[in-house]
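> kindly generate the corresponding structure for this input.
(one chain, ligands or ions: 1)
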Amino acid sequence: MAEGEPPAVPGVNGSIHICDFPGGTESPESHEEESSQSSAAQYNQDLKSVLVTSVLNLEELDVDLYRGTHHWVPRSQRLFGGQIIGQALVAAAKSVSDNHYAHSLHCYFVRAGDPKVPVLYQVDRTRDGRSFTVRSVKAIQHGQPILICQASFHMLQPSPLQHQFTMPVVPPPEDLLTVEELIRLYLSKPDLGEKSRQGLNKLLANEVPIEMKPVQPPHFYRLAAVEPRTLFWVRARGYIGEGNMKLHCCVAAYVSDFAFLGTALLPYPNYKAQFAASLDHAMWFHSTFRSDEWMLYECESPWAGGSRGLVQGRLWRRDGVLAASCSQEGVLRVKAVTEPSKL
Ligand SMILES: CCC(=O)SCCNC(=O)CCNC(=O)[C@H](O)C(C)(C)COP(=O)(O)OP(=O)(O)OC[C@H]1O[C@@H](n2cnc3c(N)ncnc32)[C@H](O)[C@@H]1OP(=O)(O)O
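Numbers count the residues shown, from 1 in each chain. Okay, the predicted model is just below:
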């Protein structure tokens with residue numbers, strides 16, 4: 001890693017995209033306190049998640065037409081894909097009855113999102129069935145689609161067919177450090193270069209509405225090739241509360257695109273992404289969950305080639321229930337890194 005670049009974390013651009021990680025100004029101590037409190041008390045209900053109060057709170061302009069604004073914009077200055085998916089799912093869900101729940105979505109990112117203007121979401125009520133309801137959503141900027149999304153909703157239908165994989169065994173979130181805490185540890189290294197220090201401080205100032213705790217902190221530094229698999233605990237910052245499963249799915253859609261594509265870069269520490277962007281994103285929701293509670297995100301990349309990478313993910317509730325599955329392909333244009341790390 002070259003001097004001047006912050007250390008790598010498993011973000012979308014591997015060694016350069018650390019801006020895609022949550023920043024914040026909490027002290028490490030606040031998490032120690034939190035872990036010693038009861039789970040009921042761990043939510044400060046005054047600190048509502050900004051995802052709910054702002055990002056996913058769309059303005060209704062007309063029937064089936066909504067406007068969404070931006071909260072956090074990545075350093076790439078193109079809109080965060082998870083934000084567009086989450087907002088598209090909110091728009092789709094608005095015209096779906098309360099007893100139908102999101103079970104899947106399929107999206108293509110066809111143009112880069114422009115952070116300077118809001119996004120319009122135009123919903124087509126494709127079909128209303130007894131069990132399944134389908135919506136098509138077009139996210140539009142400057143008169144052109146930036147995302148096309150199909151979302152399907154299903155009423156609850158119990159069935160004797162029921163199985164799932166087993167959740168990986170990992171340390172609980174209370175035993176792990178947040179990304180911010182890991183960065184602070186890194187900042188305490190006396191031999192850290194000044195430009196790296198500046199980059200890390202910028203990262204801490206980021207206001208990503210997600211908290212993360214990597215299970216394998218060595219990946220954080222990404223000095224050696226590792227298998228394309230990563231595990232981290234993740235949750236929305238702030239309180240959302242029980243009850244609105246549609247909303248939790250929208251938040252999970254936002255979260256699921258975060259630090260996902262970078263999994264495909266983990267075996268290649270000698271390359272950095274010059275251009276990385278998600279091309280498509282699919283998601284299946286399996287169980288009820290709370291997106292403001294820690295969930296384990298298990299990400300793996302079974303394939304990369306032809307300047308593209310495929311990533312697959314599973315979001316686990318901490319009690320071992322599989323909450324959601326995700327798949328994404330992204331474009332990955334890389335260049336060789338010549339300078340060794342000075343960090
Ligand atoms: C956390 C992950 C995320 O959130 S990523 C955000 C969500 N996803 C997105 O924003 C992706 C949106 N989709 C897109 O931008 C387009 O569909 C993309 C993927 C770029 C389509 O690519 P393409 O058909 O190549 O578009 P384009 O011709 O407009 O070119 C875009 C820039 O890429 C370049 N490019 C093109 N082909 C090549 C190539 N073979 N080798 C090197 N560069 C190539 C183009 O020159 C163009 O670059 P520039 O913008 O002019 O600087």
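> compute the number of surrounding residues for the closest residue to Thr69 other than its chain neighbours.
Closest residue to Thr69 apart from its sequence neighbours, by C-beta to C-beta, 6 or more residues apart in numbering: Pro118 at 5.2 Å. Using the backbone N, CA and C atoms, a C-beta is placed for each residue, glycine as well. Look at Pro118: counted by other C-beta atoms under 10 Å, it has 16 neighbours.
> okay, the closest residue to the ligand within the chain: pLDDT?
Relative to the ligand, the nearest point of the chain is Gly81 (3.1 Å; C-beta to the nearest ligand atom). We have a pLDDT of 97 for Gly81.
> do Thr126 as well
98.
> the residue nearest to it when sequence neighbours are not counted pairs with what?
Spatially, and ignoring its direct neighbours in sequence, Thr126 is nearest to Val134 (4.3 Å; C-beta to C-beta, 6+ apart). Here Val134 shows beta-bridge partners Arg127, Ser152, assigned using DSSP bridges.
> Arg308 now?
Gly305, Val331.
> next, count neighbours for it.
14.
> tell me who's in contact with the residue of the chain closest to the ligand.
Shown in contact with Gly81 (C-beta atoms under 8 Å, 6 or more residues apart in numbering): Phe109, Gly113, Leu147, Asp257, Ala277, Ser278, His281.
> pop out the phi and psi values for it.
The phi and psi torsions at Gly81 (degrees, to the nearest 10) take the values phi -60, psi -40.
> re earlier: how far away is the residue nearest to Thr126 from His106?
11 Å (C-beta to C-beta, to the nearest Å).
> quick one: common contacting residues for the two?
With C-beta under 8 Å, 6+ apart as the test, Val134 and His106 both reach Gln150, Ala151.
> distance check, the closest residue to Val334 other than its chain neighbours against Lys335.
Sequence neighbours aside, Tyr271 is the residue nearest to Val334 in space, at 4.1 Å (criterion: C-beta to C-beta, 6+ apart). From Tyr271 over to Lys335 the distance is 7 Å, taken as C-beta to C-beta.
> more neighbours, these two?
Taking other C-beta under 10 Å, Tyr271 and Lys335 do not tie; Tyr271 has more neighbours (15 against 10).
> so who does the more buried one touch?
So Tyr271 contacts Gly14, Leu265, Val334, Lys335, Ala336, Val337 (C-beta under 8 Å, 6+ apart).
> per-residue confidence at it?
Reported pLDDT at Tyr271 in the predicted model: 93.
> follow-up on the earlier one: tell me which residues touch the residue nearest to Thr126, please.
Counted by C-beta under 8 Å, 6+ apart, Val134 has contacts Thr126, Arg127, Gln150, Ala151, Ser152, Phe153.
> what's near enough to touch the residue nearest to the last one when sequence neighbours are not counted?
Spatial nearest neighbour of Phe153, excluding adjacent residues (C-beta to C-beta, 6+ apart): His100 at 3.8 Å. By C-beta under 8 Å, 6+ apart, the contact list for His100 reads Phe132, Thr133, Phe153, His154, Met155.
> one more pass at 10 Å, please.
By C-beta atoms under 10 Å, 6 or more residues apart in numbering, His100 lies in contact with 93, 128-133, 152-156, 246.
> same question for Pro173.
31, 34-35, 211-213, 215, 232-235, 293-296, 318.
> then Cys249?
86, 89-90, 93, 101-103, 105, 151, 153, 283, 285, 288-289, 291, 323-324.
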